[in-house]
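Need a 3D model of the following:
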Amino acid sequence: MADEQSILTAEQSRSARALLQWSQTDLAKAADVAVSTIAEFEKGQRVPISNNLNAMRGALEAAGVRFTPGGASLLRQLSLHLMSESNGAELQLHYTVEAADAVSEVLSVFGKVEGGQASFDAVQSASSALKQSLANVVSRHSSLAPQLHKLKKFVQALRDDEFFLLLPEKAASTAEQLARERLVYRLNHPDEKDDPDGMDGFFGALLARYDMRSPRTDRLTVIGKTDRAHLKCRFCHRTAAEGATFKKVAHAIPTALGNDHLKVANECDDCNAYFGEETEPSLVALLDIQRAFLGIEGRGGRPQLKFAEGKLFHDGKKLNIASKDVSEDASTKTISVQLGKGAPMIPVAAYKALVKIVLSVIDAKELLHLKKTIAWLREGKHGDQVLPNVAATLVDLPANPSAQITVYRRKDDNLRLPHLVGEFRLGCYLYVFAVPFSDRDSWDLVGFFEDDEFRDTFKHFASVRRWAQNNLNGKERVFLSPRINLVPQQP
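Coordinates of the predicted model:
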């Protein structure tokens, strides 16, 4: 058993408070522990329980303290947000006082540093001179602040003289984010006509009422803090001190749907196993045909689907269909393929898997409004309430090797609109659903997709002519029996 004092020693606690100029009361408030707990600990009278020690250390680290065997040192922090036409990056620089001059020299590449204060223009140009200057500075100082390599890599990847943005803060809203994207595009394409009125007319109501979040799935993206000692599961709310473990890799979207990059740090092993056994298999089964048509490659390769009357698989180049039940309509030349009974699935479990994806990627603060949702998702409560349909359609968008999720979060108090809307895309297949049971919703959301206010707000959905409404309220296991119609191309 590990010595509890290895988590935090009394000397480290005193040193860290001195660096931050915190009183024992300040630390007690930040860690949510009693002042007497800290006072008695630092006097050597008693050792707090592990939960309190973890909370104390976590609060000090969050304030910028780095602990070492020899004591504690104060880290400085600098946030930089970069945006180009094709990429965006957030750089969190944590560095010691000794590395401050090196960081200032790096920042001087983009502007000037006077009296320890950096100032630079938000609009930057990736000139060959800037690239070379940045490379030289980073090579000299990267050992003091290794995160500088990320900054260098971002700039070096840009075209010569490509404009990009360098900002101290991330966009406060989706509308601000889109304004930044529009600015970058205009800077790099000055001869193209901008049409802000058209965009504002189509998306104006949506941007006024909702923020959007769409985490990247084409590169490693980890949701939540990665320090296992201070993790708290976003679903069951247990911590490591309360017995939760975080050893397994948790994916926000099932790997069978092509996702290998979007991961969740604060999902415990028990919740990970529960979702992997109870909900995600039904969503994968629901999307079996779509996975095969697209050739989605999961951890076990491309789907090899077996049915009672045939099989379906993608060999990496084309879809292959084999069936005992094939017929042709002589007048239309349409070939109908009956595949028979396939994999089992539970409709409501598939709905839960979609909602789980949303809850995996939203800001943890939003989970405070979703206690009833999590109880339904994780504990099976509130199962008597009817769920809204899931809308599905085909869209003319380029294929992506992984499923993607976009979350719309309502900003205002218009209770007729859903608090959270999920947009799930698998290649050309698009699914739109509402997250149920939020305490920011005033109704059950059944029929939300056809509601006039929703359609006036989500005009990009309303502009699509054909939507299928899928009822996923079923609680019993069913077997899908797909039929594929192959229609001749029109000349």
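
N54 versus D26, what's the distance?
Distance from D26 to N54, counting by CB to CB, to the nearest Å: 18 Å. For every residue, glycine as well, the C-beta is placed using N, CA and C.

What of D121?
43 Å.

These two: which is more packed in?
N54 (20 against 10; other CB atoms under 10 Å).

Could you check how far the more buried one is from D32?
11 Å.

With R302 instead?
49 Å.

what do you get for P482?
53 Å.

how about the helix or strand hosting V337: buried residues?
In this structure, V337 sits in strand 335-338 according to DSSP states H and E. Of the residues in strand 335-338, 337-338 count as buried by neighbour count, 16 or more other CB atoms under 10 Å.

what helices or strands is it leaning on?
Packing contacts for strand 335-338, counted by 3 or more CB pairs under 8 Å, 6 or more residues apart in numbering; DSSP states H and E, involve strand 319-323, strand 325-328, strand 483-486.

Adding mean pLDDT and distance to G58 as columns, could you present these in CSV?
Below are the helices and strands packed on strand 335-338 laid out as CSV (pLDDT from 0 to 100; distance: least, CB to CB, whole Å):
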stretch, mean pLDDT, distance to G58
strand 319-323, 92, 51
strand 325-328, 92, 61
strand 483-486, 89, 54
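
which one of those lies closest to R416?
strand 483-486 (38.5 Å; CB to CB).

in that closest one, what counts as buried?
Applying 16+ other CB under 10 Å to strand 483-486 flags I484 as buried.

just checking, what packs against it?
For strand 483-486, the packing partners by 3+ CB pairs under 8 Å, 6+ apart are strand 335-338.

residue contacts, the residue nearest in space to the middle of the chain?
Nearest residue to the geometric centre of the chain (CA atoms, centre = their mean): V361, 3.5 Å. By CB atoms under 8 Å, 6 or more residues apart in numbering, the residues touching V361 are 213, 215, 223, 252, 262, 264, 405, 407.

do the same with K324
Counted by CB under 8 Å, 6+ apart, K324 has contacts 309-310.

Against R186, how distant is it?
Relative to R186, and taking CB to CB, K324 is found at 59 Å.

likewise R238?
Counting by CB to CB - R238 and R186 are separated by 49 Å.

Next: C236.
47 Å.

Neighbour count for these two, which is higher?
Under the neighbour definition other CB under 10 Å, C236 and R186 were set side by side, and C236 has more, 17 against 14.

My guess is I484 contacts I321. True?
Yes: I484 lies in contact with I321 (CB atoms under 8 Å); the separation is 6.6 Å.

Look at S327 and say how many residues are nearby.
For S327, using other CB under 10 Å, the count is 10.

In contact with the residue nearest to it when sequence neighbours are not counted, which residues?
Leaving aside its chain neighbours, S327 sits nearest to S336 (5.0 Å; criterion: CB to CB, 6 or more residues apart in numbering). S336 is in contact with 326-329, 483-486, counting by CB under 8 Å, 6+ apart.

Any stretches of the stretch 251-400 of the chain with poor pLDDT?
Within the stretch 251-400 of the chain, the ranges that satisfy pLDDT under 70 run 398-400.

Could you rerun that using 80?
299-300, 397-400 (pLDDT under 80).

got a list of what L319 touches?
Contacts of L319 (CB under 8 Å, 6+ apart): 292-293, 295, 312-313.

Which ones among those lie within strands?
The members of the contacts of L319 that map onto strands under DSSP state E are 312-313.

Out of the contacts of L319, grab the one that's most surrounded.
Neighbour-wise, the contacts of L319 (other CB under 10 Å) top out at L312, 24 neighbours.

So what's the residue count around the nearest residue to that one once chain neighbours are set aside?
Among residues not flanking L312 along the chain, L305 sits closest, at 4.3 Å (CB to CB, 6+ apart). Using other CB under 10 Å, the number of residues around L305 comes to 20.

mind listing what the host helix or strand of L305 pairs with, with the direction of each?
Using DSSP H and E, L305 sits within strand 304-307. Strand pairing for strand 304-307, using DSSP bridges, gives strand 310-314 (antiparallel).

now the angle between strand 319-323 and the partner strand, please.
170 degrees (axes from the mean of the first three to the mean of the last three CA atoms, to 10 degrees).

shift numbering so it begins at 28
Noted, 28 is the first residue going forward, which turns the last one into strand 337-341.

so how far is strand 337-341 from its chain's centroid?
32 Å (CA atoms, centre = their mean, to the nearest Å).

what's next to that strand, contact-wise?
So strand 337-341 is contacted by 315-316, 319-322, 329-332, 346-352, 364-367 (CB under 8 Å, 6+ apart).

Quick one: the helices in the stretch 328-477 of the chain, in order.
For the stretch 328-477 of the chain, the helices defined by DSSP state H, counting those that start in this stretch cover 374-388, 398-406.

In its sheet, which strands sit next to the lengthiest strand in the chain, and in what direction?
Using DSSP E, we find that the single longest strand of the chain is strand 98-110. Strand 98-110 has these partner strands in its sheet, going by DSSP bridges: strand 92-95 (antiparallel), strand 115-123 (antiparallel), strand 190-194 (antiparallel).

Reformat those as JSON lines; add distance to V459.
Formatted as JSON lines, these follow (distance: least, CB to CB, whole Å):
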{"stretch": "strand 92-95", "distance to V459": "45"}
{"stretch": "strand 115-123", "distance to V459": "25"}
{"stretch": "strand 190-194", "distance to V459": "31"}
